[in-house]
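A.B. asks: Okay, sequence plus prediction incoming.
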Amino acid sequence: MLKLDLSKAAQFLPEGYLAQRQAGLEKAASMLASHDGPGGDFTGWVFLPRDYDREEFARIQAAAKRIQQQSQVLVVIGIGGSYLGARAVVELLASPNYNLKKKDTPDILFAGNGLSTDALLETIALIGERDFSVNVISKSGTTTEPAVAFRIFKAMLEKKYGKEGAKERIYATTDRARGALKGLADAEGYEEFVVPDDVGGRYSVLTAVGLLPIAAAGIDIEALMAGAAQAMEQLGKGGLDNPAWQYAAARHALYESGRSVELLACYEPPFRFFAEWWKQLYGESEGKENKGLFPASVEFTADLHSMGQYIQQGQRLMFETVVKFAPKGEFLIPDDPANVDGLNFLSGKPLSFVAEQAMRGTILAHVDGGVPNVLLELPQISEKSVGWLIYFFEYVCGLSGYLLEVNPFDQPGVEAYKKNMFALLGKPGYEEMKAELEARL
Ligand code: PA5
């Protein structure tokens, strides 16, 4: 499925870097497979494409159908790992313009991923008088942003459809046993889906967290899982010829030789949110104990006309990972007998040929500018290739975290802002902290 090309990083990589990491990679792969490394309790995603709960999967498909029949809009409430995966896949497979398209599936609006009043008001206005359903997603069930948004949309649903009617339109994805959302869902009788105990937020896109909104958008989630299962089979075999091992070793070697930023680039605009998902995956997994590559992203060719300058000549901080998909169709550039724009040297050539040369030229220019380049080439964007790529990035992230000797499955740093916010908002139990923080403001 994937062709990994490290030839344009080779000159920046120390000799023997892969063999030197063989033992580390073997250990990392074994810890992922046996769930006994740091954070091993959160490695349920490793075999998820094989072991996922078939009964729940069928309920997800049925709920998606029901949502499609009952509503013109699905409001998906969640933040971080309970948001980015669904949006990434919907945008990559169904387009960032999905809501503008004529279709027989509902618009998907995302809420609870921030605290912007303007964004909330806009979402409400976009729903307008249309029928809507809500999928509220929170593993902990206590995260402030989605909890506040859910309170608002629940009240809107109850006003519009009554308490019983609202109940039929609310789908709760949360912990199997704990948390405020679980308690509320049980008490009100919402249809519930589970975030497995052993899968953390940023690894949860292939659970109900991502799958329900993705299926509601009409995307084939069986094919998505099949792509991930194929990656699981192939990458789990390990070995120095394994692309996941090679990529993890290269990014670790580049990090150790002084690179501090990994810039993920793609030439397909619908990839933008996939890159946001990728940034959370790597940022939260590796960025701890004062270590880790800073994950950043660009959209080419558009960003060649903005960030391109920095990449070419700014501080030599980064290496670049380019994701290249094969095009789905072909568009030939028309001839113009007058050739006023001087472009007739391109007449009759496919646009994809121009894009390919832009990519090749950019890679060479960036390498000349001192930016190592890793190229990931994939077939067309499809459920299968996207499922494969999700698993690939997750697996490389697990290997990379262990090579870096951090726990890739916790996120202790995310708690700091939450505690401060609770204190400043006056949440009971945070009184002392509130006084201390206010004195510092
Ligand atoms: O990856 C993570 O664990 C976080 O990004 C969480 O997904 C995010 O904070 C939302 O948490 P929850 O699903 O508990 O509301």
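C.D. replies: That came in fine, so what should we check first?
A.B. asks: How much space separates the residue of the stretch 301-441 of the chain found nearest the ligand from Ser138?
C.D. replies: Across the stretch 301-441 of the chain, no residue is closer to the ligand than Gln411, which sits at 5.3 Å (C-beta to the nearest ligand atom). C-beta: built from backbone N, CA, C; applies to glycine. Separation of Gln411 from Ser138 (C-beta to C-beta, to the nearest Å): 15 Å.
A.B. asks: Enumerate every residue touching the residue lying closest to Pro196 once chain neighbours are set aside.
C.D. replies: Once flanking residues are discounted, Pro196 sits nearest to Gly44: 5.2 Å by C-beta to C-beta, 6 or more residues apart in numbering. Going by C-beta atoms under 8 Å, 6 or more residues apart in numbering, Gly44 touches 35, 196-199.
A.B. asks: Can you tell me how far Gly44 is from Gly85?
C.D. replies: As for Gly44, its distance to Gly85 is 15 Å (criterion: C-beta to C-beta).
A.B. asks: got it, and Phe319?
C.D. replies: 25 Å.
A.B. asks: So for these two, which sits in the more crowded spot?
C.D. replies: More crowded of Phe319 and Gly85, by other C-beta atoms under 10 Å: Gly85, with 31 against 26.
A.B. asks: Might one say that the more buried one is in contact with Val209?
C.D. replies: Yes - if you go by C-beta atoms under 8 Å, Gly85 and Val209 touch, sitting 6.6 Å apart.
A.B. asks: Verify the assumption that Lys182 is located in a helix.
C.D. replies: Yes - assessed with DSSP: H, G, I helix; E, B strand; the rest coil, Lys182 lies in a helix.
A.B. asks: since we're on whichever residue of the stretch 201-350 of the chain sits closest to the ligand, how many residues are nearby?
C.D. replies: Nearest residue of the stretch 201-350 of the chain to the ligand: Gly201, at 2.3 Å (C-beta to the nearest ligand atom). When neighbours are counted by other C-beta under 10 Å, Gly201 registers 27.
A.B. asks: Which residue comes closest to it once chain neighbours are left out?
C.D. replies: Excluding the flanking residues, the one nearest Gly201 by C-beta to C-beta, 6+ apart is Gly81, at 2.3 Å.
A.B. asks: quick one, what contacts the one you found?
C.D. replies: Residues in contact with Gly81 (C-beta under 8 Å, 6+ apart) are 139, 200-204, 209, 280.
A.B. asks: Apply 6 Å and report the result again.
C.D. replies: 201-202, 204 (C-beta atoms under 6 Å, 6 or more residues apart in numbering).
A.B. asks: Helices - which of those residues land there?
C.D. replies: Judged by DSSP state H, helices contain none of the contacts of Gly81.
A.B. asks: Just those residues: which are in strands?
C.D. replies: In strands, judged by DSSP state E, none of these are found.
A.B. asks: Make JSON lines out of the residues you listed and add distance to Pro14 and pLDDT.
C.D. replies: Shown next, in JSON lines, are the contacts of Gly81 (distance: C-beta to C-beta, whole Å; pLDDT from 0 to 100):
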{"residue": "Gly201", "distance to Pro14": "35", "pLDDT": "96"}
{"residue": "Arg202", "distance to Pro14": "30", "pLDDT": "97"}
{"residue": "Ser204", "distance to Pro14": "36", "pLDDT": "98"}
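A.B. asks: Any residues of the stretch 251-400 of the chain in contact with the ligand? List them.
C.D. replies: Contact residues (C-beta under 6 Å from any ligand atom) of the stretch 251-400 of the chain with the ligand: Glu284.
A.B. asks: Tell me who's in contact with the residue nearest the centre of the chain.
C.D. replies: Nearest to the mean C-alpha position of the chain, counting by C-alpha atoms, centre = their mean, stands Trp277 at 2.2 Å. Listed by C-beta under 6 Å, 6+ apart, the contact partners of Trp277 are 84-85, 88.
A.B. asks: What is the burial count for the closest residue in space to it that isn't next to it in sequence?
C.D. replies: Spatial nearest neighbour of Trp277, excluding adjacent residues (C-beta to C-beta, 6+ apart): Ala88 at 3.8 Å. Ala88: 26 surrounding residues under other C-beta under 10 Å.
A.B. asks: same thing with Lys27?
C.D. replies: Per other C-beta under 10 Å, the neighbour tally for Lys27 reads 14.
A.B. asks: swap in Gly112?
C.D. replies: Neighbours around Gly112, by other C-beta under 10 Å: 30.
A.B. asks: Then the one 10 residues further on?
C.D. replies: The number of residues packed around Glu122, counting by other C-beta under 10 Å, is 13.
A.B. asks: In CSV, list the C-alpha atoms belonging to the helix or strand hosting it.
C.D. replies: Using DSSP states H and E, the element containing Glu122 is helix 117-127. Extracted as CSV, the C-alpha positions of helix 117-127 are listed here (Å, rounded to 0.1, in the frame of the first residue of the first chain):
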residue,chain,number,x,y,z
THR,A,117,-19.3,32.0,21.4
ASP,A,118,-19.2,33.1,17.8
ALA,A,119,-18.6,29.5,16.6
LEU,A,120,-21.5,28.2,18.8
LEU,A,121,-23.9,30.9,17.4
GLU,A,122,-22.8,30.1,13.9
THR,A,123,-23.5,26.3,14.4
ILE,A,124,-26.9,27.1,15.8
ALA,A,125,-27.7,29.3,12.8
LEU,A,126,-26.4,26.7,10.4
ILE,A,127,-28.8,24.1,11.8
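A.B. asks: what comes into contact with that helix?
C.D. replies: Applying C-beta under 6 Å, 6+ apart, the external contacts of helix 117-127 come out as 73, 109, 111.
A.B. asks: So the closest residue to Glu188 other than its chain neighbours versus the ligand, what's the distance?
C.D. replies: Leaving aside its sequence neighbours, Glu188 sits nearest to Lys167 (C-beta to C-beta, 6+ apart; 6.0 Å). Distance of Lys167 to the ligand, computed by C-beta to the nearest ligand atom, to the nearest Å: 22 Å.
A.B. asks: Can you read off the pLDDT for Lys167?
C.D. replies: Looking at Lys167, its pLDDT stands at 97.
A.B. asks: quick thing: my sequence starts at 8, can you match it?
C.D. replies: With 8 as the first residue, the last one maps to Lys174.
A.B. asks: Contacts only, for Leu218.
C.D. replies: Contacts for Leu218 (C-beta under 6 Å, 6+ apart) come out as 67, 228.
A.B. asks: where's Val305, which helix or strand?
C.D. replies: Using DSSP H and E, Val305 falls in strand 301-306.
A.B. asks: what's that strand packed up against?
C.D. replies: In this structure, strand 301-306 makes packing contacts with strand 268-273, helix 279-293, judged by 3 or more C-beta pairs under 6 Å, 6 or more residues apart in numbering; DSSP states H and E.
A.B. asks: which residues of the stretch 158-307 of the chain fall in strands?
C.D. replies: Along the stretch 158-307 of the chain, the stretches classed as strands by DSSP state E, counting those that start in this stretch are 177-181, 198-201, 268-273, 301-306.
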